[in-house]
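>>> Everything below, folded, please.
(2 chains)
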Protein chains: 2
Amino acid sequence: MVTIPDSLVHLLTDPNFGYLATVRPDGVPQVNPMWFLYDPQAGTLRFTHTSKRAKFRNLQHNPAMALCVTDPANPYGYLEVRGHLSEVIPDPTGAFYPVLGARYGNPDTPIPPDFADRVILVMTIDHVSER
Amino acid sequence: MVTIPDSLVHLLTDPNFGYLATVRPDGVPQVNPMWFLYDPQAGTLRFTHTSKRAKFRNLQHNPAMALCVTDPANPYGYLEVRGHLSEVIPDPTGAFYPVLGARYGNPDTPIPPDFADRVILVMTIDHVSER
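Numbers count the residues shown, from 1 in each chain, chains lettered A, B, ... in the order given. Modelled structure (predicted):
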């Protein structure tokens, strides 16, 4: 399992946005901000997503993922983790969405309207870069 | 030329960090924060980089690029531009580095030690996504 350096693990445990990159079937990268939850025991990151959107289709074609997190206190320090989609967990009640919403500051985050299509994307971390 | 919506163009003209994604030769995306300069007349973004680093090698293999910029005042609003490397301009004196440094808040940004290897990456914007 890949170990995150002690000096940077706070970037994953604090509720920072991550910039998640995937690769579209045409080979062009896609990147956008995402909520995530780090599981240090498993060496994974979990995201809420739906099975109907572009990122999900990208990952069916190419399971590679990279996430960049910047330290809000020092934008010139960052952590990049690269890995792959190791599991897709159906979440048909959308229950994981308010879990992440609470982590990111709103304990009253409602279940999203597209709950029936919700999945949890599990990214296994294969490599860590830092600066 | 791709037009950036008026309501979002400030994300590119203000000195926000961009999260730039490229694709490594093994098909895994790479993403990290970058300074950039938007040229609205040309529909391009300019970055300072060197010819010795991973992102440059990635782009020689696959010229596709995507940049995500978040609104600091509203992290749930973002702009993603996708495009391709249209030009590499040698910058052997590193002169563009302090230009970007000044844009990002330090008018006394020095020429970087690796100035001899510096290049300006020019990304032509082919597509805009927003949320």
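
>>> Where do the strands of chain A begin and end?
Secondary structure of chain A (DSSP state E): strands at A:18-23, A:29-34, A:37-39, A:44-50, A:64-71, A:74-90, A:118-130.

>>> most tightly surrounded among those?
Highest mean neighbour count among these (mean count of other Cβ atoms under 10 Å in any protein chain shown): strand A:18-23, with a mean of 28. Quick note: C-beta positions are derived from backbone N, CA and C, even for glycine.

>>> For that one, C-alpha coordinates in CSV please.
The C-alpha atoms that make up strand A:18-23 are tabulated as CSV, following Å, rounded to 0.1, in the frame of the first residue of the first chain:
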residue,chain,number,x,y,z
GLY,A,18,-9.5,17.7,-4.9
TYR,A,19,-9.0,18.2,-8.6
LEU,A,20,-9.7,14.9,-10.2
ALA,A,21,-8.4,14.1,-13.6
THR,A,22,-9.6,11.2,-15.8
VAL,A,23,-9.1,10.5,-19.5
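
>>> ok, and does that strand reach over to chain B?
Yes: Strand A:18-23 is in contact with chain B by Cβ under 8 Å from any Cβ of the partner chain, via A:Tyr19, A:Leu20, A:Ala21, A:Thr22, A:Val23.

>>> Without its sequence neighbours, what residue ends up closest to the first one?
The reference is to A:Tyr19. B:Tyr19 (3.8 Å; Cβ to Cβ, 6 or more residues apart in numbering or on different chains).

>>> do the fourth one as well
Ranked by Cβ to Cβ, 6+ apart and with sequence neighbours excluded, the top spatial neighbour of A:Thr22 is A:Asn58, at 4.1 Å.
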